[in-house]
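In: quick one, what's the 3D model for this:
(chains A and B)
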Protein chains: 2
Amino acid sequence: MNKKNSIDVCLSPELLHLYSLENTIVVVADILRATSCMVTALASGAKSIIPVKSIEECLAMKQQGYLIAAERDGKKVEGFDLGNSPFSYMDKQLQGKTIALTTTNGTQAIKLSENAQEVLVGAFLNLETLCRYLETQTHDILLVCAAWKGKVNLEDTLFAGAVVEKLEKKFTIANDSALMAKMLYQQSKNNLLATIEQCSHVQRLKKLGIEKDIEFCLQHNLYQILPKMQNGWLVASDFSQLSA
Amino acid sequence: MNKKNSIDVCLSPELLHLYSLENTIVVVADILRATSCMVTALASGAKSIIPVKSIEECLAMKQQGYLIAAERDGKKVEGFDLGNSPFSYMDKQLQGKTIALTTTNGTQAIKLSENAQEVLVGAFLNLETLCRYLETQTHDILLVCAAWKGKVNLEDTLFAGAVVEKLEKKFTIANDSALMAKMLYQQSKNNLLATIEQCSHVQRLKKLGIEKDIEFCLQHNLYQILPKMQNGWLVASDFSQLSA
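Out: As a prediction, the model looks like this:
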């Protein structure tokens, strides 16, 4: 019998240097709202997304013909085509387009993970599809929570816990953070919205009047799509591989 | 009515730079086993403990007449008087003595917190006494989990959660990590040993044959003592203040 591969959770990008990315599949999660938007955009027909670190770099990409999107501190940045609400990524005008996107936490976590074997993007919206793919893989898995400016947050941890719960039969739980994430998800999954409403980022978003974004981002398995980084671009991976 | 002070949890020393220590009371916790040993030693009559960063520095303090104690990777270091088992800190020969101590995680977390308004040491063993003191204070509180070589661990998080649960009426929960710690403690408190036996550090310690240390360190309120840093030395604080 083969030794099981492991599954682990990095609760903040500030802890990422403690983990080995070599031969590891990284799944980045920024539930409210960057990775939920990415999944929504690709599911709605956008061709690809380019995660970008800075506002300036992202703004400059407008000249190259890309749609540009930017969020800082929960708000859309002035002068950009799009912000960070998943509803704005359902627009038919995005079909076939490539979007350059920069956000406070999510795109930063993706950039930091670039040396991994593979970088995927996860959200509750594509949880089932993500897990169906991961359970066929023979590498270790690391869930990277985007967190909030380095501080651990509840919603990304709960998502990581959902993935650990689904995969723990096939993968060994590597560390306590994965165990803790699973425990928190199991405690909260029947009451996810009420649980998440206690948390700091949700309080922050509610002040901005975007409660319907929160409810949307907590929906499980709305899309059968798996965004994957390829040469710096996030694209929907080919699903014919997954239908076995 | 006065604005409430806040209570927060830093899940790893690697995240400590994200928190302000100014005007903040820091409580360091390394449940398995450094801070449990410190509480036990002072409760058993040791005069004070000097947390020391390196093995070499600690060894050199033998010449100055101190008892010296060192643990690395769960094991007592060769050539030292004491390791990191709480039972060895109950010895009557420690009465009135000062112990220089270095451990893998706990003493490092204390050294990193030195700029706080006040640095206390907590464990399940002195939980009630610690909380009785904290609830009378008018500063913000930050629980610093010693973690394991930077990676978040369950036992320190559960302890932090126990403190948050006891103080949440008098202090505002500042961030999701404090909320998560409280949720985990509430889920586990009636079954603490079984919960902690799942975690990585406990598996590590069990291999070293020190299960009775673990059971000992999970006992609540065995000692009415509060270790506090004063000029680099950890001493039992004066309890006449607490009896109001």
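
In: tell me the spacing between A:H139 and chain B.
Out: The gap separating A:H139 from chain B is 20 Å, by C-beta to the nearest C-beta, to the nearest Å. The C-beta positions use only the backbone N, C-alpha and C, and glycine is treated the same way.

In: same question but for A:V121, I mixed them up
Out: Computed as C-beta to the nearest C-beta, the A:V121 to chain B distance reads 21 Å.

In: so after the one helix or strand that residue maps to, what's the next helix or strand?
Out: Taking DSSP states H and E as the definition, one finds A:V121 inside strand A:118-122. Moving toward the C-terminus from strand A:118-122, the next helix or strand (DSSP H and E) is helix A:127-134.

In: kindly calculate the angle that that following helix makes with strand A:118-122.
Out: With axes from the mean of the first three to the mean of the last three C-alpha atoms, to 10 degrees defining the directions, helix A:127-134 sits at 160 degrees from strand A:118-122.

In: now for A:N115, how many residues are close by?
Out: 11 (other C-beta atoms under 10 Å in any protein chain shown).

In: correct me, but A:L193 touches A:K212?
Out: No. Contact criterion C-beta atoms under 8 Å: A:L193 and A:K212 do not qualify, at 11.6 Å.

In: what ranges do the helices span in chain A?
Out: Assigned helices in chain A, in chain order: A:34-43, A:55-60, A:106-112, A:127-134, A:154-167, A:176-188, A:192-196, A:200-207, A:211-217 (criterion: DSSP state H).

In: is chain B within reach of stretch A:196-215?
Out: Yes. Stretch A:196-215 lies within reach of chain B by C-beta under 8 Å from any C-beta of the partner chain, at A:198-201.

In: for that stretch, the distance to its chain's centre please.
Out: 17 Å (C-alpha atoms, centre = their mean, to the nearest Å).

In: and stretch A:71-78, by the same measure?
Out: In terms of C-alpha atoms, centre = their mean, the centre of stretch A:71-78 is set 18 Å apart from its chain centre.

In: now render the residues of stretch A:196-215 next to chain B as TSV, adding pLDDT, neighbour count and distance to B:H139.
Out: Listed next are the residues of stretch A:196-215 next to chain B as TSV, based on pLDDT from 0 to 100; neighbours: other C-beta atoms under 10 Å in any protein chain shown; distance: C-beta to C-beta, whole Å:
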residue	pLDDT	neighbour count	distance to B:H139
A:Q198	85	15	24
A:C199	83	22	24
A:S200	73	18	20
A:H201	72	23	25
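
In: closest one of these to B:L125?
Out: A:Q198 (29.9 Å; C-beta to C-beta).

In: now do the contacts for the residue lying closest to A:H139 once chain neighbours are set aside.
Out: Spatial nearest neighbour of A:H139, excluding adjacent residues (C-beta to C-beta, 6 or more residues apart in numbering or on different chains): A:I25 at 4.9 Å. Counting by C-beta atoms under 8 Å, 6 or more residues apart in numbering or on different chains, A:I25 makes contact with A:116-120, A:134, A:137, A:139-142.

In: hmm, back to that, in CSV: the helices of chain A, plus distance to A:W233.
Out: Shown next, in CSV, are the helices of chain A (distance: least, C-beta to C-beta, whole Å):
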stretch, distance to A:W233
helix A:34-43, 11
helix A:55-60, 14
helix A:106-112, 11
helix A:127-134, 18
helix A:154-167, 23
helix A:176-188, 29
helix A:192-196, 30
helix A:200-207, 27
helix A:211-217, 23
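
In: and those, which one is worst for confidence?
Out: In terms of mean pLDDT, the lowest-scoring of the helices of chain A is helix A:200-207 (a mean of 77).

In: what angle separates it from helix A:154-167?
Out: Using the same axes, to 10 degrees: helix A:200-207 against helix A:154-167 is 130 degrees.

In: mind listing residues that contact helix A:200-207?
Out: In contact with helix A:200-207 (C-beta under 8 Å, 6+ apart) are residues A:32, A:74, A:148, A:153-155, A:196, A:211, A:213-214, B:174-176, B:179.

In: so which bits of it are buried?
Out: By neighbour count on 16 or more other C-beta atoms under 10 Å in any protein chain shown, the buried set for helix A:200-207 is A:200-202, A:205.

In: same deal with stretch A:185-199?
Out: Taking 16+ other C-beta under 10 Å as the basis for neighbour counts, the residues of stretch A:185-199 that come out buried are A:185, A:187-188, A:192, A:195-196, A:199.

In: how long is it from one end to the other?
Out: 14 Å (C-alpha to C-alpha, to the nearest Å).

In: mind listing what the closest residue to A:V235 other than its chain neighbours touches?
Out: Spatial nearest neighbour of A:V235, chain neighbours left out: A:S48 (4.8 Å); criterion: C-beta to C-beta, 6+ apart. Taking C-beta under 8 Å, 6+ apart, we find A:S48 in contact with A:42, A:98-99, A:233-235.
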